[in-house]
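Visitor: How does the following fold in three dimensions:
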Amino acid sequence: MSVLDRIVYLQGKRDVVRKSINNVCFRVSGSDQAFVAAEKFGVMET
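Guide: A predicted model of the protein is given here:
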């Protein structure tokens, strides 16, 4: 596995994690508070 492959792989995993967190946030609150919390924890970059 080359370095580039690993970066792409890790980036893809992070996107999957972020999407699932977004889905949970939507279900839990349905508001922007979840996004603010996620941003504070550095999960999403704007």
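Visitor: Output the lowest mean pLDDT helix or strand found in this protein.
Guide: helix 33-40 (a mean of 70; mean pLDDT, DSSP states H and E).
Visitor: Show me what the longest helix seen in the chain is packed up against.
Guide: Ranked by residue count, the top helix of the chain under DSSP state H comes out as helix 3-28. Judged by 3 or more Cβ pairs under 8 Å, 6 or more residues apart in numbering; DSSP states H and E, helix 3-28 is in contact with helix 33-40. In this view, the C-beta of every residue, glycine as well, is placed from N, C-alpha and C.
Visitor: what about the chain, any weak spots by pLDDT?
Guide: 1, 25-35, 38, 42-46 (pLDDT under 70).
Visitor: ok, now with 50
Guide: 46 (pLDDT under 50).
Visitor: What is the burial count for Leu4?
Guide: Per other Cβ atoms under 10 Å, the neighbour tally for Leu4 reads 8.
Visitor: and the gap between it and Val36?
Guide: Noted for Leu4: a distance of 34 Å to Val36, by Cβ to Cβ, to the nearest Å.
Visitor: Spit out the contact partners of Lys19.
Guide: Applying Cβ atoms under 8 Å, 6 or more residues apart in numbering to Lys19 gives no contacts.
Visitor: Just the terminal-to-terminal distance for stretch 22-41.
Guide: 13 Å (Cα to Cα, to the nearest Å).
Visitor: gap between Gly12 and Phe41?
Guide: According to Cβ to Cβ, Gly12 stands 20 Å off from Phe41.
Visitor: next one: Arg18
Guide: Counting by Cβ to Cβ - Arg18 and Phe41 are separated by 11 Å.
Visitor: more neighbours, these two?
Guide: Arg18 (14 against 8).
Visitor: Run through the residues that contact Leu4.
Guide: Contacts of Leu4 (Cβ under 8 Å, 6+ apart): none.
Visitor: if I look at it, how far off is Gln11?
Guide: The value you get for Leu4 to Gln11, if Cβ to Cβ is used, is 11 Å.
Visitor: cool, Phe41 as well?
Guide: Per Cβ to Cβ, Phe41 is found 19 Å from Gln11.
Visitor: cool, and Arg18?
Guide: 10 Å.
Visitor: Can you report how many residues neighbour Arg14?
Guide: 12.
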